[in-house]
Structure formats: structure tokens, C-alpha cells
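**Q** Any chance you can model this:
(one chain, ligands or ions: 3)
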Amino acid sequence: MRFASVTLDIPATSLDDAFTYALPDDGCVDGTPALIGCAVVVPFGKRHVIGFVTDDKAEAPAIDPSKIKSVEKVVSESFFDERAVVTAKYLAKHCIAPLSSCIRLFTPPAAIPKVVEGPDGHYEIVRPSVSAADDRWVVKGPNFERFVARKNAAKQSSIVAALSKGDLRAVELSLEYGSVASALSSLEKSGVISIEHRRRMRMGDMPEGDKNFVPSAKPKLTAGQSLALDAISEGIHAQEGRVFLLDGVTGSGKTEVYLRAIEEALSMGMDACVLVPEISLTPQTVARFRGRFGDVVAVIHSAMSQGERFDQWDFIKSGRARVVVGARSALFAPFGNLGLVVIDEEHEYSYKQDQAPRYHSRDVATWMMDRFKGMLILGSATPSLESLHRCQTDGSWQRLVLSERANKKPLPPIEVIDMTAEFKGGLRSMYSKRLLFALKQELLAGNKAVLLLNQRGFANFVMCRECGYVPMCPSCSTSLTYHEYGKRLTCHHCNHQEHLLAACPQCGSPYLMKYGFGTQQAEIYLRSWLDADSNLGSGIPLIRMDADTTSAKGAHQKLLGQFADAGAAVLLGTQMIAKGLDFEKVTLVGVINADTQLKLPDFRAGERTYSLILQVAGRAGRADLPGKVYVQTYRANERAIVAASTYNRELFMDEELKMRSILNYPPYCVMANVLVWGSSQSKTASVAQSAYADLEPIIDGMGEGWSISMPCPCVLAKVRGAYRYHMLIKAPYSADISSAVIGYFKEKKTVEDVNVTIDINPIDIL
Ligand code: ADP
Ligand code: ZN
Ligand code: ZN
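**A** Ligands and ions are numbered 1, 2, ... in the order given. Below you'll find the model as predicted:
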């Protein structure tokens, strides 16, 4: 008898481990081998469930072998390998998450069979909804040349004529000639044609590989790029888990460095993975990688349909894809031999997954490349303080600097516009005169402008001027945002919607004022300003990009296409327009309100503001035309704003690090956020108290530098009807909080309707 470890695919509430099941001596069930990575059916209690084999040569457990149940069926090919198992186990431990949820990261999307239990112990396997798709192709048959056109069979003649130029899909023929089913069937019977089923690759809006592929020309490297590549190339050959932080200003040609590094890795037989923030994963980005490496490039992102994602997954699994470009989850694609990971815009918060397992791509990639002896490149114009700090303290991390743009053009000058002074001077609009004047100059010259306002909707909130009533979300502890479209109030946390009433529901006053402004108001105002100016004419395209205009599939790309195709034009949007965009004619960047994030009670607020200004400024003057940036703010003396506008990182870092060191925040400590939430406030509060009572002695016993805060309501005290409490654990830099508290999380009793989770290295503690 042999044994297999099987991780049950049950969205577990407790932290599971693998169970041991028996296998026949040859490791096969009904002739199918139960390899690592296969989905299997196993008995579990009185039920049957799907599990994944995580070890196909497990040790015999220390119990009577006759008591061990057997694997009953193998229901899939092997989805993942041993490396994946090791990584999933690391994730489960590091993030304190159920192993099954970590294993799931490595399986193809929506392709797991299900067990449906019937009466008296019978069960059925339901095949997944997503699988490979076939196309019916019509090709020449053995008698093709001998085809004789008959009268009344015009369709047959047309089909044969069309086929003489090459194979065609049946759907194409029916688009052209209407219903072709009977014509095809008689042609097939007489051997004139045959029908073949061929695998189809669903591609969505991504560009297809080109058969006559010629790699894009490689530019001569700049001095900075060459130096960086020398170090990187040595790192790839060393195969010892080195990390390079490519710290290069916007437009310095970081992508070219990635391309060369990937080329090197491929030549050594390794595969490469490039992570980019979800929002910059556009056909434009993909085209740069396809342009150099052709059809060995696979793409994975969440806006793809499940079929498209399945096809990409399968393409990688087959070994034909060697480079994967994707968002967060691409790191878990079925690579044959992943040897290089690139994380572009490494400072981005979207690399943190906000549900279990709550991992950060940077941490996982660091761990993977260390463990599997590969290499990691982190790139950014505004690296995170954590990464910069690590380069100073960890010998295997090295910072590489690209201080100039690849085309030697200067970075655009940034001018700060103090809106408090403007207000004193009589300004009542959200746009200062200087910004509008500059905008007009550029538009008249036929150039483009990018305007950032990191607040969607029309107004931030509504308030009754007589009694101060503010409409709040019934399920969240936040005020509702006013949207002009449909005159409705919307919650940006749970998407609750209601109509704006004509009068205050509390006092009946008609004076409901809208306070603050969002992208909708910015758009309406700008549109009328553009239209009112006879020199500009009314035809200047104004494209708004925010979560509301980009919710439809492909909308993001369509809007960017409109902006690219237009001459003079304005792109107005939230932070989704701040990164990655590379349009030649953008000569003006305006930040309408730089203060939207500064007010958040978050120790990273300054860092977020600093990097957002520099990222969006980087969109200006990227080609021949010089760029100019205007930043409107009510806090013109704020360090983050002064430092960003003078490109003085030291100014920002020195003070920021001092403050973080005094207050003991990362990078001087590691943190974890214990979150307790439930629908009953009193029950949630009492569970939070008892969690604290259990955790406090553990943390206390760890020694110097460890602390846990008393439970208190989160800043967002209620979200989607759930009351939220939290406690912050801090530990010395490079301490391992997971190991210290995993025991508690494994053994804690579950309380109905109350959840307790932990987020290690949280990004969001609101
Ligand atoms: P980053 O990612 O650092 O913002 P990009 O990789 O987008 O910068 O490069 C900016 C521009 O410079 C691109 O248009 C790119 O084609 C060009 N570029 C990169 N490297 C070189 C080089 N060595 N010589 C000339 N142009 C280059
Ligand atoms: Zn009122
Ligand atoms: Zn809400």
C-alpha cells in the first residue's frame, strides 16, 4: 500500500492540514495516477469531497493501516508541482490562512470538478464549467480537386471557392453565406471537405501573436541601463535569490532593462514572470513584451473571462509560454522553471491581496526566488520605504539607480499652487487661473493634458445647512458620495445607492449642500469652460476615467484609445491615470487637489501623496515636447508636497524615517493587524476582548520590541453591516509574527457570526 497527503478543497474556517489516504501500490486509481497536483475524490466523514494531492509518496501514518480510507477517484490532470506545494505551505503559514485557499491559487480558474452527493452514499462528479474550447474548421478533403459544381448547389460552390484560399472556420462561412450546415454535411459525405476540431485560444482584447514575428529593435542602452544590466546579469547567473531594486525616474527605460534581463533568463532555460499593477495591464504594456518575445508571452489578469484565463493558464502549463505578464496572481501560474520575477511599480498597494490569503506579491516573490534560487527585480520611480530600507540593511538586496530619462530630456518642472492664497484672492472654483491658463496654451498648441483628481463622484458628501445632517450608508460608518448622474448617493465601500431627497429627512430644510468635489464635478466644470472659449472651440475631447466610467469590460482601453487618437485633448481621472501611460503629446499634468490622501489617518499618507504626485508628473514631457506640472494644494508647506515638487527624495525620507522610527512604524518594525468583525456589536466587542486576553500574554512573552494594542473600533467602524474592531501587533524588524501567533489561530474556538483574522504586514489598517 502507498499513501498520499490530500488537502481537502473545503473553504475551511479553521486552519487545516493535509489528511493521509491510501493508494494502491502502483499509485494509480482505476488506471489513472494520483500525482501531486491532481484533484481527487476522497471520503471525509459521511461525505465525499474533492481534495488535492500534495504528496503522492507520503509516509504511513502511525495508526492501524486498515483504518485508513482510500482515494476513490482521480478527477483531473496534475495542476501543480512540488514547488507549488512548498509555496502554498509557506503562504498558509506566513499569512495564517487555510492551506486549501493557498492551494487554490495554483489551480486553473473555475476548472475544479465538484462532488454532488446523492442518496445512500452515491455521488456524482460535476465537470467544471470552464474548459478548453474547440473551433470547427473546414479543410480540403481527399476529393477536393475533383469537386464538380452542380446546379441548385450554389452554396457548395461558394464554400469550395472560399476554401481554395485556405482553411476556414465554420462560423466564418456561416457569417458569409448564412446557414451552411447541410451544404457542409453533403460536401463532407462526398469527401470534398473534412471538418476538424482545433483548439481555440480565447484572447479577449489582447493582441494576438504574429506569425511573421520580427522582434522589436533593441535600442542602444544608456550608461545607467548598462550598469544596471551588468549587475542583474551577474545576479541571474549566480542563481542565489538576489533582489535588485531598480530605482529609476519616470521614463528612464526600466522596461528595456526588464526586457534584456528576461532575454538573459530565457537563454539560460528559465521562465520569467512580470507583474504589473492591474490597471496598467493594458494591450499597450503587453505589446511591448510581445514585441520582443513574440508568441511565448502569456497574459493573466482579472478582467479576462474565465475561458480566456483558462486558455492562458493551459498555454503556460503546456510549456510553450515562457514569459508571463500579469497582475498579482500571475506569480502562481504553472511555470516549468521560474527563474526571474519582475515586479514593476513595486510601491503599488494593489500587490497586496485583501482577502485570505492576505499576501503581498513582493514578499512572496522574495521568498520564492530565495527558495528556488532565482532572481527578483523590483522597479519603481518611487520605491517603497520598506524596499529602500532593506537595500541598506540586507546584503542580498541591491539598489540600482537610473537617474535620467532614456532620451536625456529633463524631468518636468513641478509648480505648487497654494489654493489657500488663491481663495484669499477671490478664487471660488476648483481650478486656479494659472492651471487653466497653462491648459489653454497647451490645447491651443495641439497638445494633450492629464488632470488628476483622486476622488470620484460629484461631491464628497452632502450636508444639511440648517441641522448638519449628513446622509450616511446604512451598512457602513461612512458618509455617502453624491453622483450627479442619476442624482444619487452612493457608498464607495458597499455600493449602496439611494436618491438624493429634495429636503432634509431630519428637519425638512431644502438647503442640502454638496461639499467637496469629485471627478464628475471636475468634468462638468471643465466641459463648460472648454465650450465657452471661442478660441478653443467646443470640439476638444475631455475623457473622464474613474471607477464609474471603466466598469465595463474593455472600457479602460477604449477611453485610452480615444485619448491617444485625439489631437489636443484632456484626460481627467483618479489615480488610475497616474501610472504607466506613455503618450508623446502630453505636455501638461495638473493635480487638481493633492490633499485627498493626506487627511487619511494612516501612517503612510505622506508616502502615498509623495509618490502619487511624482507618478502622475512622470506622464508629462516624455518625448520631444517639454512638460510642465501644476499641483494645487491647501497644504503647500506639507513635506510630502514640497519634496515631490522639488524632486528631493532625501527631504521626504529623512524626516519621514525619523518620524517612523520615533513612533515605531515600518520599516523599523513589522506589524500585524488582528481584525474582529460581526453583525452584533456587543458580541464582536466581547470576542475582540477575549482575543486580546489570549494574545496579550503570548506577545508579552516574546520580549523586547513586541507589543499589542488594546482592541478598539476601526476607523471604518462598520462596513457592509459588520462592526469592526482591531488590535495592532508590533514586533522588531525581521521578527516573525506569524510563528508567534499561529498557534493561537489554529486553536481558537470559533464563535458564531464573529470572525477573527490576522493581516500580516497590512497595507490598510482603516
Ligand atoms: P519607465 O518604465 O522607466 O518609465 P520606459 O521603459 O517606459 O520608462 O521608457 C521610456 C521611453 O524611453 C520609452 O519610449 C522607451 O522606448 C524609451 N527607451 C528606453 N530605453 C531606451 C534607450 N536605451 N534608448 C532610447 N530610448 C529608450
Ligand atoms: Zn436638516
Ligand atoms: Zn456602505
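
**Q** C-alpha coordinates for the helix or strand containing A272, PDB please?
**A** Using DSSP states H and E, A272 maps to strand 271-275. Only the C-alpha atoms of strand 271-275 are listed here, as PDB (Å, rounded to 0.1, in the frame of the first residue of the first chain):
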ATOM      1  CA  ASP A 271      10.900  31.200 -17.400                       C
ATOM      2  CA  ALA A 272      10.100  34.700 -16.400                       C
ATOM      3  CA  CYS A 273       7.200  36.400 -14.700                       C
ATOM      4  CA  VAL A 274       6.400  40.100 -15.000                       C
ATOM      5  CA  LEU A 275       4.000  41.600 -12.500                       C
END
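
**Q** need the residues of the protein near ligand 1, please.
**A** The chain comes close to ligand 1 at residues 219-222, 225, 248, 250-256, 406-407, 582, as judged by CB under 6 Å from any ligand atom. To be clear about C-beta, it is placed using only N, CA and C from the backbone, and glycine gets the same treatment.

**Q** Go again with 5 Å.
**A** By CB under 5 Å from any ligand atom, the residues of the chain that approach ligand 1 are P219, L221, T222, G248, T250, G251, S252, G253, K254, T255, E256, A406.

**Q** ok, and which of those residues reach ligand 3?
**A** The subset of those lying close to ligand 3, counting by CB under 5 Å from the ion, is empty.

**Q** Would you reformat these as JSON lines and include distance to A643, secondary structure and pLDDT?
**A** Shown next, in JSON lines, are the residues of the chain next to ligand 1 (distance: CB to CB, whole Å; DSSP: H, G, I helix; E, B strand; the rest coil; pLDDT from 0 to 100):
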{"residue": "P219", "distance to A643": "32", "secondary structure": "coil", "pLDDT": "92"}
{"residue": "L221", "distance to A643": "30", "secondary structure": "coil", "pLDDT": "95"}
{"residue": "T222", "distance to A643": "26", "secondary structure": "coil", "pLDDT": "94"}
{"residue": "G248", "distance to A643": "18", "secondary structure": "strand", "pLDDT": "95"}
{"residue": "T250", "distance to A643": "16", "secondary structure": "coil", "pLDDT": "88"}
{"residue": "G251", "distance to A643": "20", "secondary structure": "coil", "pLDDT": "89"}
{"residue": "S252", "distance to A643": "19", "secondary structure": "coil", "pLDDT": "93"}
{"residue": "G253", "distance to A643": "24", "secondary structure": "coil", "pLDDT": "93"}
{"residue": "K254", "distance to A643": "22", "secondary structure": "helix", "pLDDT": "95"}
{"residue": "T255", "distance to A643": "26", "secondary structure": "helix", "pLDDT": "94"}
{"residue": "E256", "distance to A643": "28", "secondary structure": "helix", "pLDDT": "95"}
{"residue": "A406", "distance to A643": "24", "secondary structure": "coil", "pLDDT": "91"}
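
**Q** want to try TSV for these, with distance to S429 and neighbour count as columns?
**A** Formatted as TSV, these follow (distance: CB to CB, whole Å; neighbours: other CB atoms under 10 Å):
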residue	distance to S429	neighbour count
P219	44	11
L221	47	16
T222	43	19
G248	37	25
T250	29	23
G251	32	23
S252	36	26
G253	39	21
K254	38	25
T255	39	21
E256	42	20
A406	38	20
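
**Q** Looking at those, which one is closest to Y723?
**A** Y723 has its nearest neighbour among the residues of the chain next to ligand 1 in T250, at 42.5 Å by CB to CB.

**Q** Give me the distance between the closest one and ligand 3.
**A** 36 Å (CB to the ion, to the nearest Å).
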